[in-house]
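A.B. asks: Any chance you can model this:
(2 chains)
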Number of protein chains: 2
Amino acid sequence: MLTLYDFKSSGNGYKVRLLLHQLRLPFIYVETNILKGETQTPQFLEMNPNGKVPLLSLGDGRFLAESNAILLHLAEGTRFLPSDSWQKSKLYEWLFFEQYSHEPNIATPRFWKNYLKVGEYDEEELKRRQLAGRKALAVMEKHLQEQKFFGPQYGIADIALYAYTHKAEEGGQILDDFPAIKDWIDRVKSQPGHVTIEDI
Amino acid sequence: MLTLYDFKSSGNGYKVRLLLHQLRLPFIYVETNILKGETQTPQFLEMNPNGKVPLLSLGDGRFLAESNAILLHLAEGTRFLPSDSWQKSKLYEWLFFEQYSHEPNIATPRFWKNYLKVGEYDEEELKRRQLAGRKALAVMEKHLQEQKFFGPQYGIADIALYAYTHKAEEGGQILDDFPAIKDWIDRVKSQPGHVTIEDI
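C.D. replies: Model (predicted):
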């Protein structure tokens, strides 16, 4: 049985939960509170030396970290990952875009504003990240003006990008400025087996 | 013919150059000076809307960005990427670790210290990133105390992590604190077809 170590409001964790639901794969959910240091205990670091959730246990002593690596692992051989080599390479491109240009600038400001008090984060750094986040959304908007999904059909690049994009306003972004993204959010929500970030 | 749009001192670009050399794939090199805004021109943004190098042109109108996506694309079917599904998933894990936990904290401080003047970057943010960079190196060190490479043999996860790790001291890290990393750096340098970041 798969076990997912996760923190409920984490978009990175939500990516994995959403795919598990859409693949109809049963899993045990273990809430791991990052705010209480539960990813920094010796027991947790034994499973993931990088001390982060989400973390997937395959139940046989094997563990996999990094949300997008978990998505790639679970999606192998399914309709959520194209088998065509070039389409797969373009999907990798979006997954790395998500972790480098999008997540630190969309998710991190959301985390600071939701969980930290003013003074616990750097206001100047917040502004820099919000500006970079707006650029990342503009890159997505440009793609979505011509394409329905971040791949030949709905798949794990959509899941990876949806997780924090649909909550981007909590980090200070204005989604009304990105109409193609708003339409895409509606398309993602209407996929069979969709669950929200609040569901487990 | 492949064309690589790149900036010579970029570690992300060096990853691709190193793999191209080790695969003995000929390519045209186009220096694209990020300091002069050459990735922000309308012509460049047409090729990569995210405005970043490295960017690989396949020569038939197709372009691929994101260094680690380019590595995965070029390594498919070669000894640099394992064919075993689990080994490949663990390699994805290191590639995402590199882009999220390592590169922003090892490469960005190096860039600031090499190319920006004091006052052009935020000293507090530099310190936060250096501390996070040290944690990323500790995760690598722990792995390398038991394993020779970041995969069953030398491959693209080693290339991805080597690119900035071997220059980490330029960003303020002290590699003498990580003896297993230093040994691994020597093993990477001794691989057939190795080229340095100064080579094109």
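A.B. asks: Every contact and neighbour count from this point should use C-alpha atoms.
C.D. replies: OK.
A.B. asks: buried set for stretch A:112-126?
C.D. replies: A:112, A:113, A:126 (16 or more other Cα atoms under 10 Å in any protein chain shown).
A.B. asks: Outside of it itself, list whatever touches it.
C.D. replies: Stretch A:112-126 is contacted from outside by A:109, A:170, A:171, B:125, using Cα atoms under 8 Å, 6 or more residues apart in numbering or on different chains.
A.B. asks: and residue A:120, how far is that from chain B?
C.D. replies: 13 Å (Cα to the nearest Cα, to the nearest Å).
A.B. asks: Same list (the buried residues of stretch A:112-126) but as JSON lines, adding pLDDT.
C.D. replies: Converted to JSON lines, the buried residues of stretch A:112-126 look like this (pLDDT from 0 to 100):
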{"residue": "A:112", "pLDDT": "96"}
{"residue": "A:113", "pLDDT": "95"}
{"residue": "A:126", "pLDDT": "97"}
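A.B. asks: so which of the residues you listed comes closest to chain B?
C.D. replies: When the buried residues of stretch A:112-126 are compared for distance to chain B (Cα to the nearest Cα), residue A:126 wins out at 11.1 Å.
A.B. asks: What separation do you get for residue A:30 and chain B?
C.D. replies: For residue A:30, the distance to chain B - Cα to the nearest Cα - is 21 Å.
A.B. asks: what bridges to that residue?
C.D. replies: residue A:5 (DSSP bridges).
A.B. asks: And for it, the neighbour number?
C.D. replies: Each residue near residue A:30 was counted by other Cα atoms under 10 Å in any protein chain shown, and the total is 14.
A.B. asks: what pLDDT does it get?
C.D. replies: With respect to pLDDT, residue A:30 scores 98.
A.B. asks: Show me which positions of the helix or strand harbouring residue A:143 end up buried.
C.D. replies: Applying DSSP states H and E as the criterion places residue A:143 in helix A:123-144. Residues A:126, A:129-130, A:132-141, A:143-144 are the ones in helix A:123-144 that count as buried (16+ other Cα under 10 Å).
A.B. asks: Tell me the first helix or strand C-terminal of it.
C.D. replies: Scanning forward in sequence from helix A:123-144 by DSSP H and E, the next helix or strand is helix A:156-165.
A.B. asks: circling back to that earlier point, relative to helix A:156-165, how tilted is the helix holding residue A:143?
C.D. replies: In terms of direction (axes from the mean of the first three to the mean of the last three Cα atoms, to 10 degrees), helix A:123-144 departs from helix A:156-165 by 140 degrees.
A.B. asks: residues near residue A:147, how many?
C.D. replies: 14.
A.B. asks: Got the phi and psi for it?
C.D. replies: Here is the backbone geometry of residue A:147 (degrees, to the nearest 10): phi -130, psi 150.
A.B. asks: swap in residue A:65?
C.D. replies: According to degrees, to the nearest 10, residue A:65 has phi -110, psi -180.
A.B. asks: and which of the buried residues of helix A:123-144 is nearest residue B:44?
C.D. replies: Closest approach to residue B:44 among the buried residues of helix A:123-144 (Cα to Cα): residue A:139, at 13.6 Å.
A.B. asks: shouldn't that closest one be in contact with residue B:50?
C.D. replies: Yes. Assessed by Cα atoms under 8 Å, residue A:139 is found in contact with residue B:50 at 6.1 Å.
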